[in-house]
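Visitor: When you get a sec, could you give me coordinates for this:
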Amino acid sequence: MPKHTIGQGESIPSLAAESGFFSDTIWNHPENAKLKDLRKDMNVLLAGDEVFIPEKELKEESGATEQKHRFKRKGEPHKLKLILMAMGKPRANEEYVLDIDGRLIKGKTDASGKIEQTIPGKARSGTLILRGGKEKHALNIGNLDPLDEVSGVQQRLNNLGFSCGTEDGKLNEALSQALAKFQAKHDLPVTGQNDDAVKAKLKEFYP
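Guide: Modelled structure (predicted):
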């Protein structure tokens, strides 16, 4: 099978679900070693990345004839992780409902405002419902670009309320101003630069 070019919102888990593989089978394939070394996280790829998807292999199981045999298909859990904040503070112990493809998942954030729920690998969108339905947020699952990309930094800053405008992957004045505000807020050296300290702090919000 030829290499697949990643589209916006695709990830290894979503490709695995569509092609009938386990995520690790694709991610750990020798043909994907360079991609794995570059991106580090199978859930966060960049549109345009190329992924090798191997051909399926037929597996045979022996069994007595004229008898019924039951086979159990192994599932593959995937996690959706979010951290809810308000005015810079965690929204701790807050009840929520996740609507993922019509499946409603109820839960409560932990002390750090974190949500961690198992979802289908092919899920691409959903809705986070808070305050008994008074607050709703659309979720684009798998749409986050890698943190090593400028567009990934822009996405995370915008999501955290540090507006830097269009997420076009360009280093510009709007991004520099947003970076400076983020640095000042989190007691980092205020340089307005997309440096390692900024990325390390952003990773705390997007583990």
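
Visitor: The most centrally placed residue in the chain and residue 37: what is the separation?
Guide: Central residue of the chain (C-alpha atoms, centre = their mean): residue 142, 4.4 Å from the mean position. Applying C-beta to C-beta, to the nearest Å, the value for residue 142 to residue 37 is 20 Å. No exception for glycine: its C-beta is placed from N, CA and C like everyone else's.

Visitor: In contact with the residue nearest to the centre of the chain, which residues?
Guide: 9-11, 13-14, 43, 124 (C-beta atoms under 8 Å, 6 or more residues apart in numbering).

Visitor: any idea where the helices of this structure begin and end?
Guide: Along the chain, counting by DSSP state H, helices occupy 12-19, 23-27, 33-39, 150-159, 173-185, 196-205.

Visitor: For residue 117, find the nearest of these.
Guide: helix 12-19 (14.2 Å; C-beta to C-beta).

Visitor: From residue 174, how far out is residue 165?
Guide: 4 Å.

Visitor: again, but for residue 162
Guide: For residue 162, the distance to residue 174 equals 10 Å [C-beta to C-beta].

Visitor: And residue 47, by the same measure?
Guide: Distance from residue 47 to residue 174, by C-beta to C-beta: 22 Å.

Visitor: cool, and residue 185?
Guide: 17 Å.

Visitor: now swap in residue 2 and tell me
Guide: Per C-beta to C-beta, residue 2 is found 39 Å from residue 174.

Visitor: Check the helices of the chain for me: which has the lowest mean pLDDT.
Guide: Among the helices of the chain, helix 12-19 has the lowest mean pLDDT, at a mean of 87.

Visitor: who's more crowded, residue 2 and residue 174?
Guide: Here residue 2 and residue 174 are set side by side on neighbour count (other C-beta atoms under 10 Å), and the busier one is residue 174, at 15 against 7.
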